[in-house]
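Peer 1: Next come a sequence and a model predicted from it.
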Amino acid sequence: MSPSPGPILVVGGSGLLGRELTRQGRLAGHRVVATFHRGAPAVAGVDWRHLDIRIRDDVTALILAVRPDVVVNAAYQQSDWATTADGGTHVALAAAAVSARLVHVSSDAVFSGTADSYDESHTNTQARLVTRLRGAREFLIPTPR
Ligand SMILES: NC(=O)c1ccc[n+]([C@@H]2O[C@H](COP(=O)([O-])OP(=O)(O)OC[C@H]3O[C@@H](n4cnc5c(N)ncnc54)[C@H](OP(=O)(O)O)[C@@H]3O)[C@@H](O)[C@H]2O)c1
């Protein structure tokens, strides 16, 4: 008998995007574990865990305990390097440690918007801090498998 699949872990599950990801995950029949920072929303059927992604040891401990097959990182805090850049890196490293597939949510706002489309070869030319934070996070996060 093959082992039952591990859950989907939505980091930042309490956010605008995270709440929809948890809802869609449940609708698709997945086990969903999701994290909140300030407060867990009232989304039923989700295993809510508190997490501060700025604390690398906490991120590692949670992911080792949950053993997810997939980690979706939808956590960020505007203009906060420790959350948006360092935190995203903590999530990526912990996901890799359990061989989980990582889906890292970003925004095309990391680019200037002067081109019609962008790919991985484009350089982040945005000057705003939040976009530089996002760009740093993408640079720091290992290439997904
Ligand atoms: N919304 C959009 O239209 C949109 C469009 C394109 C891309 N995106 C991208 O999608 C991602 C999520 O956006 P969003 O709109 O869903 O943001 P959001 O509603 O502000 O949610 C942010 C999430 O991050 C969590 N968080 C904040 N600081 C944290 C910390 N130190 N440790 C752990 N979790 C922390 C929040 O938890 P608490 O709320 O519990 O504090 C919340 O779950 C971002 O990367 C954003 O750039 C969003």
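Peer 2: Sure thing, it's come through.
Peer 1: burial count for the closest residue to the ligand within the chain?
Peer 2: Nearest residue of the chain to the ligand, counting by C-beta to the nearest ligand atom: residue 15, 2.1 Å away. Quick note: C-beta positions are derived from backbone N, CA and C, even for glycine. Counted with other C-beta atoms under 10 Å, residues neighbouring residue 15 total 21.
Peer 1: Can you name the residues that contact it?
Peer 2: By C-beta atoms under 8 Å, 6 or more residues apart in numbering, residue 15 lies in contact with 74-76.
Peer 1: Quickly note the distance from residue 21 to residue 13.
Peer 2: Using C-beta to C-beta, to the nearest Å, one gets 7 Å for the distance from residue 21 to residue 13.
Peer 1: Can you work out which residues contact both of those two?
Peer 2: 34, 74.
Peer 1: So for those two, which residue has more residues nearby?
Peer 2: With other C-beta under 10 Å as the criterion, residue 21 and residue 13 differ in neighbour count, and residue 13 comes out ahead with 31 against 22.
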